[in-house]
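Peer 1: Sharing a sequence plus its predicted fold:
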Amino acid sequence: MSTRSSPSSRFVVVPRRPAARFALAVASLLWLGSLLATAWLTARWVVPGLERARSDLDDTRSALQTAEERIERQRQRIAVLRRSDQISRGANVELQQTLAERDEEIAALRADVAFYERLVGGSAQRQGLNVHSLSLAPASGGAWRYTVTLTQNLKKAKVSQGELTFSVDGVRSGQLETLEWPALLQHDEAAPQPFSFKYFQQLEGSVMLPDGFTPHRVRVRLRSEGSATERVFPWQSTLSAGA
């Protein structure tokens, strides 16, 4: 008696597992719920915070721009004030210089008035030919312009006539040196300057000093009717205002 073998089945029977499917569904629901919760929290907290941050950033930018504009206005104001201060200082310096010049002019005029009062008044000391003053001022080309005032106020004064010369003592190359009248006029045969007056006279002219020569004093000499008069002036005392 032969035994027939049963053919192999092509289907596998899998038993139903309802518990596994339920667990998968629950997990899916939980995952979806977490996504929804995350989205809700993001919408509730992150987005408003981001909007506030953007708003704060805009406010900060606006405040920064306002501050920069204010600083720029202050800088411009400071620049204007500095310029105004410079102008005021310059005007003040110029005014002080003008006042100083006017004071010097007034002092010179007062000295002239006092001089003329002494000259024509009865209280002045009577004296003969005299070198009253010497004034020096720089001129073009390195020359020096001089003004010498001669006076006399003797009673019944007669006309004084004579000649004027002067020399300059100084230092050049470390050595004492005296420049006589011909050297000052740069002419070996320079003639003395004549004068003729009854009460006073001003003599003017120009002299030259060589380069490297430092003057210290000026000796003014007068020769009249066989007599000689000399007066020494320190160089600095002869310089006029602005020299």
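Peer 2: In hand now; what should we look at?

Peer 1: Flag the helix or strand of this protein with the lowest per-element mean pLDDT.
Peer 2: The helix or strand of the chain with the poorest confidence is helix 18-41; it has a mean of 75 (mean pLDDT, DSSP states H and E).

Peer 1: what's the next secondary structure element after that helix?
Peer 2: Tracing the chain C-terminally past helix 18-41 and defining elements by DSSP states H and E, one meets helix 47-120 next.

Peer 1: what pLDDT, on average, does that following helix get?
Peer 2: What helix 47-120 shows for mean pLDDT is 79.

Peer 1: rewinding a little: pull the CA atoms of the least confident helix or strand of the chain into PDB?
Peer 2: Once non-C-alpha atoms are left out, helix 18-41 reads as follows in PDB (Å, rounded to 0.1, in the frame of the first residue of the first chain):
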ATOM      1  CA  PRO A  18      -4.800  43.200  16.700                       C
ATOM      2  CA  ALA A  19      -2.700  44.300  19.700                       C
ATOM      3  CA  ALA A  20       0.300  45.200  17.500                       C
ATOM      4  CA  ARG A  21      -1.800  47.200  15.100                       C
ATOM      5  CA  PHE A  22      -3.300  49.100  18.000                       C
ATOM      6  CA  ALA A  23       0.000  49.900  19.400                       C
ATOM      7  CA  LEU A  24       1.200  51.200  16.000                       C
ATOM      8  CA  ALA A  25      -1.900  53.400  15.700                       C
ATOM      9  CA  VAL A  26      -1.400  54.800  19.200                       C
ATOM     10  CA  ALA A  27       2.200  55.600  18.500                       C
ATOM     11  CA  SER A  28       1.200  57.300  15.300                       C
ATOM     12  CA  LEU A  29      -1.300  59.400  17.100                       C
ATOM     13  CA  LEU A  30       1.200  60.300  19.800                       C
ATOM     14  CA  TRP A  31       3.700  61.400  17.200                       C
ATOM     15  CA  LEU A  32       1.100  63.400  15.300                       C
ATOM     16  CA  GLY A  33       0.100  64.900  18.600                       C
ATOM     17  CA  SER A  34       3.700  65.900  19.500                       C
ATOM     18  CA  LEU A  35       4.000  67.600  16.100                       C
ATOM     19  CA  LEU A  36       0.800  69.500  16.700                       C
ATOM     20  CA  ALA A  37       1.900  70.400  20.200                       C
ATOM     21  CA  THR A  38       5.300  71.600  18.900                       C
ATOM     22  CA  ALA A  39       3.600  73.700  16.200                       C
ATOM     23  CA  TRP A  40       1.200  75.100  18.800                       C
ATOM     24  CA  LEU A  41       4.000  76.000  21.200                       C
END
